[in-house]
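# Fold the following and give me the result.
(one chain, ligands or ions: 1)
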Amino acid sequence: MIEATDLTKRYGDKLAVDSLTFRVEPGVVTGFLGPNGAGKSTTMRMILGLDAPTAGHVTVNGRPYAAHRDPLRQIGALLEAKAVHTGRSARNHLLALGATHGIGRRRVDEVIDLVGLREVAGKRAGGFSLGMGQRLGIAAALLGDPAVVMLDEPVNGLDPDGIRWIRGLLKGLAAEGRTVFVSSHLMSEMAQTAEHLIVVGRGRLIADVSLAEFTRQASRTTVRVRSPHATALRDLLVGPDVTVTGGEPGLLEVTGLRREEIGDRAAAAGLTLHELTATEASLEEAFMTMTRDAVEYAGATGGDPR
Ligand SMILES: Nc1ncnc2c1ncn2[C@@H]1O[C@H](COP(=O)(O)OP(=O)(O)OP(=O)(O)O)[C@@H](O)[C@H]1O
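Residues are numbered from 1 along each chain as shown. Okay, the predicted model is just below:
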């Protein structure tokens, strides 16, 4: 389990992580979702004790990372999506890592098989492709059979086979009762992998919700209604669970009522309709709406100030 309390990181006047409080539970894959620059990597670095929080604290299995005597057995992490640049073979690389924890050849060969690198285990890891390097990084993370597995953007740059493999692996690790925490800036990816979501934007917690609940909220249908009697129609439709917004004169966007109900009510009141269209937001759209105000560089394409 990972528990963050008011976790905060400031770089100069930049608040990279802003008072994050969350808990990552065992037994499910938890997606750590947010646009670029939202503070995901910084949070993960603090979880591993690689960066010190400006305020707040974070524990792994009840203690700060640095207070564990056997960190490889507590949490296995893959932070940077790049191949290991080493002249050692993949197997020797893992043996060297394992040696710090008394982990020997048997476990090394086990994780090599687990990540599908058996045939290249004797080859120089520096010559590995991105996908193979990623598998090796994951093998290293799993070496200590850790209760918590944490991966930063593990599917970045991988081909469809590699992506499918990682999804299956993460679900399998969670099914074994481990805590699995994985970051991504893609909602579509998390929808395939995660059961729970922690969504951040500009360092702040935006949502801490199950994927099912997120999907339920996101898939609320919006109905576009065009009418020359928009004002009267709005009064007719608004209610406790009904939201009516209007972007332009004569146009209403209604959530909380089905298209048929809106048509029937308008007909009963003798109000003419010119359009009645149901639109369903995709998960990606829901995520973008949720984080819109939090996207750091949106629109900052700027230009030369000359
Ligand atoms: N060492 C640092 N010094 C100064 N600013 C930093 C440092 N590390 C991160 N930041 C800033 O903190 C903010 C959060 O960065 P972080 O890398 O944690 O975000 P992220 O969600 O992981 O994004 P990405 O997906 O782009 O990696 C960004 O504005 C980044 O520029």
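# Quick one: residues contacting the residue in the stretch 51-200 of the chain that the ligand sits nearest to.
In the stretch 51-200 of the chain, the residue that lies nearest the ligand is His185 (5.1 Å; Cβ to the nearest ligand atom). For glycine as for every other residue, the C-beta is placed from the backbone atoms N, C-alpha and C. His185 is in contact with 33-36, 38, 40, 153, counting by Cβ atoms under 8 Å, 6 or more residues apart in numbering.
# can you redo these as CSV with neighbour count and distance to the ligand?
What follows is those, written out as CSV (neighbours: other Cβ atoms under 10 Å; distance: Cβ to the nearest ligand atom, whole Å):
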residue, neighbour count, distance to the ligand
Leu33, 28, 9
Gly34, 28, 5
Pro35, 21, 7
Asn36, 10, 3
Ala38, 26, 4
Lys40, 23, 3
Glu153, 20, 6
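# interface residues of the chain facing the ligand?
Residues of the chain found near the ligand (Cβ under 6 Å from any ligand atom) are 11, 14, 16, 34, 36-42, 185, 296.
# Among those, name the ones in strands.
If you go by DSSP state E, these have 11, 14, 16 in strands.
# Quick one: the residues you listed as a markdown table, columns for neighbour count, distance to Thr54 and pLDDT too.
Putting these into a markdown table (neighbours: other Cβ atoms under 10 Å; distance: Cβ to Cβ, whole Å; pLDDT from 0 to 100) gives the following:
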| residue | neighbour count | distance to Thr54 | pLDDT |
| --- | --- | --- | --- |
| Tyr11 | 11 | 9 | 94 |
| Lys14 | 9 | 11 | 91 |
| Ala16 | 22 | 9 | 95 |
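# Neighbours of the closest residue in space to Asp241 that isn't next to it in sequence, how many?
Spatial nearest neighbour of Asp241, excluding adjacent residues (Cβ to Cβ, 6 or more residues apart in numbering): Gly256 at 4.6 Å. A total of 17 residues lie near Gly256 under the criterion other Cβ atoms under 10 Å.
# Could you do Ser282 as well?
Using other Cβ under 10 Å, Ser282 is surrounded by 13 other residues.
# Look up the pLDDT of it for me, please.
On pLDDT, Ser282 comes in at 73.
# For it, give its distance to the ligand.
21 Å (Cβ to the nearest ligand atom, to the nearest Å).
# Pop out the phi and psi values for that residue.
phi -80, psi 160 (degrees, to the nearest 10).
# Could you do Ala99 as well?
phi -60, psi -30.
# what about it, distance to Arg124?
From Ala99 across to Arg124, the span is 19 Å (Cβ to Cβ, to the nearest Å).
# Leu7 now?
39 Å.
# Asn92 too?
9 Å.
# give me the low-pLDDT residue ranges for this protein?
81-85, 218-219, 293-306 (pLDDT under 70).
# one step back: quick one, what contacts the residue nearest to Asp241?
220, 239, 241-243.
# Tell me, how many residues neighbour Leu114?
When neighbours are counted by other Cβ under 10 Å, Leu114 comes out with 15.
# Spatially, what comes nearest to it if we skip its sequence neighbours?
Spatial nearest neighbour of Leu114, chain neighbours left out: Leu142 (6.6 Å); criterion: Cβ to Cβ, 6+ apart.
# I figured that neighbour was touching Val149, is that so?
Yes: between Leu142 and Val149 a contact is recorded at 7.0 Å, counting by Cβ atoms under 8 Å.
# and for those two, which residues touch both?
The contact sets of Leu142 and Val149 overlap at 76, 173 (Cβ under 8 Å, 6+ apart).
# In contact with Val29, which residues?
170-171, 173-174, 180, 182, 193-196.
# what's the farthest-apart pair in these?
Across these, the longest distance by Cβ to Cβ is 14.4 Å; it joins Leu173 and His196.
# Direction included, what does the helix or strand hosting Glu3 pair against?
Taking DSSP states H and E as the criterion, Glu3 maps to strand 2-11. Strand 2-11 has the following strand partners under DSSP bridges: strand 14-24 (antiparallel), strand 55-60 (antiparallel).
# Just the CA trace of it, in CSV.
In CSV, the C-alpha atoms belonging to strand 2-11 read as follows (Å, rounded to 0.1, in the frame of the first residue of the first chain):
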residue,chain,number,x,y,z
ILE,A,2,1.1,3.6,-0.7
GLU,A,3,-0.2,6.4,1.4
ALA,A,4,0.5,10.1,0.6
THR,A,5,-0.6,12.8,3.0
ASP,A,6,-0.5,16.5,2.0
LEU,A,7,2.4,15.6,-0.2
THR,A,8,3.9,18.7,-1.7
LYS,A,9,7.0,19.5,-3.9
ARG,A,10,8.1,23.0,-4.8
TYR,A,11,10.9,23.8,-7.3
